[in-house]
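Q: Just to be clear, the model below is a prediction. Sequence and coordinates:
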Amino acid sequence: MTAAPPSILPEIEPEPNTVIDRLVISLFIIVPLLAVLAAVPVAWRFGLSWRNVVIAFAFYLVSGLGISMGFHRHFTHGSFKAARPLRLGLGIAGSLALEGPLLVWVADHRRHHKYSDRIGDPHSPWRFGTGPGAVARGFLWAHMGWMLDRNRTSQRRFCPDLQADSTASWVSQTFPVWAAVSLLAPALIGGLWTMSLAGALAAFFWAGLVRVALLHHVTWSVNSVCHLFGRREFQSRDMSTNNAWLAIPSFGESWHNLHHADPTCARHGVLRGQVDICARVTRWAELLGLAWDVRWPDERRLRQKMTSVAQSRRFSGMTSDRLARSRARADRPDSKPVAP
């Protein structure tokens, strides 16, 4: 008996999330959030050392890039191809964000793009209507309420390619290991750095729980804030927006309107002045030969999608046309090296 093709498989798994599943998800949401609420009194009573800031920043950087560059742009949208060491590293790094197993994350996000801001979207803030009360309720749903939904997105329908990929499948199946590493590794580093139990507990609190909570809410804000407030500089079939104030903490993910206008593009902040840390790191990986077939922005195609808000804006230097011209100049024997 042959398996049904993905196109006719159900989009929702017949067996919903169990009570235990939702309890575990609730703990991942609530415990780090409680740590953030306790951060001010803890800092007031015990202080916040520069060591914990360094450890927290390092884990935020690694796990945040793992979500942005790995889970999102590479695994979900195929914005670039990657050598196996980079692919494995991005999968593990994204798992450290504690946003769920890789295949679960990808399946949910691909379903979001298929039905963005329409019936079927797992986390649209417009789910309940357009009135003030409905939008407020929708904001809470899009931000974190949707994760407690009993429905489970079908991985066989939305990510059969990753189910068949040994690296992606292994990373997804070993998520509990990386979740433990994400919380315990900061404590181990803090303890060894200070050679004290107090140092381990402080690092667990700041670089473990508080760091996870901050990254969670930055990521979730792309689902909620970036579908409600901001600038619509490109035409898309949904309500996605660009938000500059979230660009740095989200590594460029908050240029969400462009992402929905051109989902496979490796750079989301395509206009001059739009900071996209993830795209810059992808460019470094490309120069090192760790990434290739990178789908850089196509100026001519995106120009046609610009709204009146952005007609006078210029594109950033990292587009397919400009990078191709730069490579052509660099390949000429009489030319001087050109910076990427």
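A: The structure has been received and is ready for your questions.
Q: isn't S250 right up against V222?
A: Yes - the pair S250 and V222 passes the contact test of CB atoms under 8 Å, sitting 6.2 Å apart. No exception for glycine: its C-beta is placed from N, CA and C like everyone else's.
Q: R156 contacts L9, doesn't it?
A: Yes - counting by CB under 8 Å, a contact exists between R156 and L9, whose distance comes to 5.4 Å.
Q: and the helix or strand hosting L302, what does it pack onto?
A: Assessed by DSSP states H and E, L302 sits inside helix 299-303. Judged by 3 or more CB pairs under 8 Å, 6 or more residues apart in numbering; DSSP states H and E, the packing partners of helix 299-303 are helix 320-331.
Q: buried sites along the helix it packs on?
A: The neighbour-count check on helix 320-331 (16 or more other CB atoms under 10 Å) flags S320, R322, L323 as buried.
Q: Over to stretch 210-230?
A: Within stretch 210-230, the residues that qualify as buried are 210-228, 230, counting by 16+ other CB under 10 Å.
Q: now swap in stretch 73-92 and tell me
A: With the criterion 16+ other CB under 10 Å, stretch 73-92 contains buried residues 73-77, 79-80, 82, 86-92.
Q: quick one: low-confidence ranges for this protein?
A: Low-confidence segments of the chain, defined by pLDDT under 70, are located at 1-7, 328, 330-340.
Q: Mind checking which of the buried residues of stretch 73-92 are in helices?
A: Using DSSP state H, the subset of these located in helices is L86, R87, L88, G89, L90, G91, I92.
Q: And the next helix or strand past the host helix or strand of S224?
A: S224 belongs to helix 211-224 when elements are defined using DSSP H and E. Scanning forward in sequence from helix 211-224 by DSSP H and E, the next helix or strand is helix 256-261.
Q: and F204, what does it touch?
A: Contacts were defined as CB atoms under 8 Å, 6 or more residues apart in numbering; by that measure F204 touches L183, L184, P186, A187, G190.
Q: Make TSV from those residues and add neighbour count to it.
A: Conversion of the contacts of F204 to TSV gives the following (neighbours: other CB atoms under 10 Å):
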residue	neighbour count
L183	19
L184	14
P186	26
A187	20
G190	28
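Q: tally of neighbours for D293?
A: Burial of D293, expressed as a neighbour count using other CB atoms under 10 Å, amounts to 11.
Q: what's the nearest residue to it if we skip its chain neighbours?
A: With sequence-adjacent residues excluded and distances taken as CB to CB, 6 or more residues apart in numbering, D293 is closest to K81, at 4.7 Å.
Q: what separates that neighbour from D321, distance-wise?
A: Plainly put, K81 is 21 Å away from D321 if you go by CB to CB, to the nearest Å.
Q: for L98, same thing?
A: Using CB to CB, one gets 39 Å for the distance from L98 to D321.
Q: in this structure, which spans are strands?
A: Counting by DSSP state E, one finds strands in the chain at the ranges 81-82, 291-292.
Q: Which of those sits closest to S63?
A: Put simply, out of the strands of the chain the one that sits nearest S63 is strand 81-82, at 17.6 Å, with distance taken as CB to CB.
Q: centre of the chain versus the closest one, how much separation?
A: Here the centre of mass of C-alpha atoms in strand 81-82, compared against the chain's by CA atoms, centre = their mean, to the nearest Å, lies 17 Å away.
Q: For that strand, name the packing helices and strands.
A: In terms of contact count using 3+ CB pairs under 8 Å, 6+ apart, strand 81-82 is assigned the packing partners strand 291-292.
Q: what's next to the strand it packs on, contact-wise?
A: F80, K81, A82, A83, L86, T282, A285, E286.
Q: 6 Å - rerun?
A: Outside strand 291-292, the residues within contact range by CB atoms under 6 Å, 6 or more residues apart in numbering are F80, K81, A82, A285.
Q: Would you point out the most distant pair within the residues you listed?
A: K81 and A285 (10.5 Å).
Q: What lies in contact with stretch 262-270?
A: Under the criterion CB under 6 Å, 6+ apart, residues 77, 79-80, 113, 252, 255, 258-259, 275-276, 279, 282, 294-297, 315-316, 318 lie in contact with stretch 262-270.
Q: Can you list the buried residues in that stretch?
A: Of the residues in stretch 262-270, those scored as buried under the neighbour-count criterion (16+ other CB under 10 Å) are D262, P263, C265, A266, R267, H268, G269, V270.
Q: Pull the most distant pair out of those.
A: Of all pairs in the buried residues of stretch 262-270, the most separated under CB to CB is P263 and G269 at 14.8 Å.
Q: How far away from the center of its chain is stretch 254-268?
A: For stretch 254-268 - counting by CA atoms, centre = their mean - the centre lies 12 Å from the chain centre.
Q: With just CA atoms, put that stretch into CSV.
A: Taking only C-alpha atoms (Å, rounded to 0.1, in the frame of the first residue of the first chain), the coordinates of stretch 254-268 have been written out as CSV:
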residue,chain,number,x,y,z
SER,A,254,10.7,42.1,12.4
TRP,A,255,11.0,43.2,8.8
HIS,A,256,8.0,40.9,8.5
ASN,A,257,6.1,42.6,5.7
LEU,A,258,8.9,42.0,3.3
HIS,A,259,9.1,38.4,4.5
HIS,A,260,5.5,37.7,3.7
ALA,A,261,5.9,39.5,0.3
ASP,A,262,8.9,37.3,-0.6
PRO,A,263,9.0,34.4,1.9
THR,A,264,12.1,32.6,0.6
CYS,A,265,14.3,35.8,0.5
ALA,A,266,17.4,35.4,2.7
ARG,A,267,17.3,39.1,3.7
HIS,A,268,14.2,40.6,5.3
